[in-house]
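Student: okay, sequence plus prediction incoming.
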2 protein chains.
Amino acid sequence: MIKQKAIVLFSGGRDSSFVALLLDSLGYDVTLVTANAGISPNSWKTAAKPAKILGFPHELVKVEKYIYEEAAKIAEKDGFPLNAIKHIHLKVIEAIAHKYHKTHTTIADGTRRDDRTPRLTYPEMQSLEDRYKISYVAPLLGFGHKAVNHLSDVMFEYDKIWTGKKPTAEYEIELRLVLEKRKKGIVKKIFPKNHFHSVVTKVKKR
Amino acid sequence: MIKQKAIVLFSGGRDSSFVALLLDSLGYDVTLVTANAGISPNSWKTAAKPAKILGFPHELVKVEKYIYEEAAKIAEKDGFPLNAIKHIHLKVIEAIAHKYHKTHTTIADGTRRDDRTPRLTYPEMQSLEDRYKISYVAPLLGFGHKAVNHLSDVMFEYDKIWTGKKPTAEYEIELRLVLEKRKKGIVKKIFPKNHFHSVVTKVKKR
């Protein structure tokens, strides 16, 4: 049996770190990738340190800026960012599939079952797998927030970065910049407050 | 951190075996349970040998026969067994929650993303978790059939039991008996042919 090579979409946070360790323990050869559109060209580097802590190779996937323009229009129309972030997520997964489908069998992300994470629909998953002949896996889809939080607490120490305070490797950072450029003051209106991203600082248990 | 105790609904097949090993590797204290309504009182024992091979304690959960009567009516009306099996599945998960929620934090099953496995809806998962204060996890929900089959092939050797040929610990066995008693010949009409259940015979890799 040839070892399967998996790309894990990685923000440096607990969820994508958990997915990386899980796939590694299942025997996959893991490479982490972080998306960036060049709008905040250094923010993806926030994920570099957690990647090093986990011990997997880490690569940048460049995505097109117009995707964030499209997403900004969606967020403006909705008055909240969820569907905009979902739009970016699907486009990023497609960019990853396009780049890696000839060398890797599997693309994974940290989508959870019941948080407001961006999520591919079932037809989107199927379409992706059929077009690129890859497996899309989202191991946390089968876990609720209580279970994921428990597992994360067992596995990781992490910093909480309050959203908007410092750049992180999340899509949100670049989306905020595009939105604010289009319409001053909008970010404060449509993004939820008191929301944090985690950045893994230590693996306690593998 | 107290070790969390998980009940894994277990048929002896690859999927529930995979879930048991996965939760074990994540640090859960795993107990396997197999459901039986006393209609085919020994069929659940098919799961006993795989349970021993995996090395986890294995218990019987008795469920009420009327659940299978209700399911039989659903299958008769539908002309196919999927919704009937889903009905049994939800009732079995509830029986497990009722029996174990005071001693265990987590109930898990081998539901996959894109096979015709019986599946709890998202509101059913939420309701179960809220009523019993437990976590419901279905780790294979995030994996497509290609990925699951790959992982199973790496982990297990297994026998294929063609459905209807020999009793296995699946709900289907008792549902078939109830249906056939209600209406002779119906089982042959409504169950798919060339369908097999796996029974794990060896763990190749943990």
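Tutor: Perfect, I can see it now.

Student: would A:Phe201 count as being in a strand?
Tutor: If you look again at residue A:201, you'll see it is Thr, not Phe. Yes. According to DSSP: H, G, I helix; E, B strand; the rest coil, A:Thr201 belongs to a strand.

Student: tally of neighbours for the closest residue to it other than its chain neighbours?
Tutor: Distances taken as CB to CB, 6 or more residues apart in numbering or on different chains place A:Glu157 nearest to A:Thr201, at 5.1 Å, with adjacent residues excluded. Backbone N, C-alpha and C define where each C-beta goes, glycine included. Here the number of neighbours of A:Glu157 (other CB atoms under 10 Å in any protein chain shown) works out to 14.

Student: and the next helix or strand past the longest helix belonging to chain A?
Tutor: Counting residues, the longest helix found in chain A (DSSP state H) is helix A:82-100. As assigned by DSSP states H and E, the chain's next helix or strand after helix A:82-100 is strand A:106-108.

Student: which bits of chain A sit near chain B?
Tutor: A:1, A:4, A:22, A:25-27, A:106, A:111, A:113-114, A:122, A:125-126, A:129, A:135-144, A:146-147, A:150-151, A:153-154, A:205 (CB under 8 Å from any CB of the partner chain).

Student: buried only: go through the residues you listed for me.
Tutor: A:4, A:22, A:26, A:106, A:111, A:113, A:125, A:129, A:135-144, A:146-147, A:150-151 (16 or more other CB atoms under 10 Å in any protein chain shown).

Student: out of these, name the ones that lie in helices.
Tutor: Secondary structure defined by DSSP H assigns A:Leu22, A:Met125, A:Glu129, A:Lys146, A:Ala147, A:His150, A:Leu151 of those to helices.

Student: closest to A:Gly79 among the residues you listed?
Tutor: A:Met125 (27.8 Å; CB to CB).

Student: what residues are up against that closest one?
Tutor: A:Tyr136, B:Arg113, B:Asp114, B:Gly144 (CB atoms under 8 Å, 6 or more residues apart in numbering or on different chains).

Student: recalculate using a threshold of 6 Å.
Tutor: Residues in contact with A:Met125 (CB atoms under 6 Å, 6 or more residues apart in numbering or on different chains) are A:Tyr136.

Student: so how far is A:Pro139 from it?
Tutor: 13 Å (CB to CB, to the nearest Å).

Student: kindly report the same for A:Asp24.
Tutor: 12 Å.

Student: ok, back up a step: what secondary structure does the residue nearest to A:Thr201 sit in?
Tutor: Relying on three-state DSSP, one would call A:Glu157 strand.

Student: does it touch A:Val199 like I think?
Tutor: No. With contacts counted by CB atoms under 6 Å, A:Glu157 stays clear of A:Val199, the gap being 10.2 Å.

Student: for A:Asp115, give me the pLDDT.
Tutor: Predicted confidence (pLDDT) for A:Asp115: 71.

Student: does it belong to a helix, a strand or coil?
Tutor: coil.

Student: might you report the residue contacts of it?
Tutor: A:His145 are the contacts of A:Asp115 under CB under 6 Å, 6+ apart.

Student: and the gap between it and chain B?
Tutor: Remark: distance between A:Asp115 and chain B (CB to the nearest CB, to the nearest Å) = 12 Å.

Student: A:Phe56 - that's part of a helix, no?
Tutor: No. A:Phe56 is assigned coil when assessed by three-state DSSP, not a helix.

Student: can you count the residues close to it?
Tutor: With other CB under 10 Å as criterion, A:Phe56 counts 20.

Student: that one and A:Val33 touch, don't they?
Tutor: No. Counting by CB under 6 Å, A:Val33 is not a contact partner of A:Phe56; they are 10.2 Å apart.

Student: where does chain A dip in pLDDT?
Tutor: Within chain A, the stretches falling below the threshold (pLDDT under 70) are A:1-2.

Student: cutoff 80 now
Tutor: A:1-2, A:115-117, A:163-167, A:194, A:206 (pLDDT under 80).

Student: quick one: contacts for the nearest residue to A:Arg112 once chain neighbours are set aside?
Tutor: Of all residues not flanking A:Arg112 in the chain, A:Leu140 sits nearest, at 4.6 Å (CB to CB, 6+ apart). Contacts for A:Leu140 were tallied using CB under 6 Å, 6+ apart; they are A:Asp15, A:Gly110, A:Arg112, A:Val148.

Student: turn those residues into TSV, including neighbour count.
Tutor: Converted to TSV, the contacts of A:Leu140 look like this (neighbours: other CB atoms under 10 Å in any protein chain shown):
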residue	neighbour count
A:Asp15	24
A:Gly110	24
A:Arg112	22
A:Val148	22
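
Student: where strands are concerned, which of these count?
Tutor: If you go by DSSP state E, the contacts of A:Leu140 have nothing in strands.

Student: farthest-apart pair in those residues, please.
Tutor: A:Gly110 and A:Val148 (9.2 Å).

Student: A:His58 contacts A:Val33, correct?
Tutor: No. In this structure, A:His58 is not within contact of A:Val33 by CB under 6 Å, at 7.4 Å.

Student: between the two, which is the more surrounded one?
Tutor: Using other CB under 10 Å as the criterion, A:His58 and A:Val33 rank with A:Val33 on top: 23 against 20.

Student: can you list contacts of the longest helix of chain A?
Tutor: A:7, A:35, A:61, A:63, A:67, A:71, A:74-75, A:107, A:116, A:118, A:128, A:132, A:134, A:171.

Student: what helix or strand does A:Glu70 sit in?
Tutor: helix A:65-78.

Student: now what about that helix, what contacts it?
Tutor: A:Ala37, A:Pro81, A:Asn83, A:Ala84, A:His87, A:Ile88, A:Lys91, A:Glu174, A:Leu175, A:Val178, A:Leu179, A:Arg182.

Student: buried ones among those residues?
Tutor: A:Ala37, A:Pro81, A:Ala84, A:His87, A:Ile88, A:Lys91, A:Glu174, A:Leu175, A:Val178, A:Leu179.

Student: how far away is the second one from B:Pro57?
Tutor: Think A:Pro81. Taken as CB to CB, the span from A:Pro81 to B:Pro57 is 47 Å.

Student: kindly report the same for the first one.
Tutor: When distance is defined by CB to CB, A:Ala37 is 52 Å away from B:Pro57.

Student: is A:Asp29 bridged to anything, and to what?
Tutor: Beta-bridge pairing for A:Asp29 (DSSP bridges): A:Lys5.
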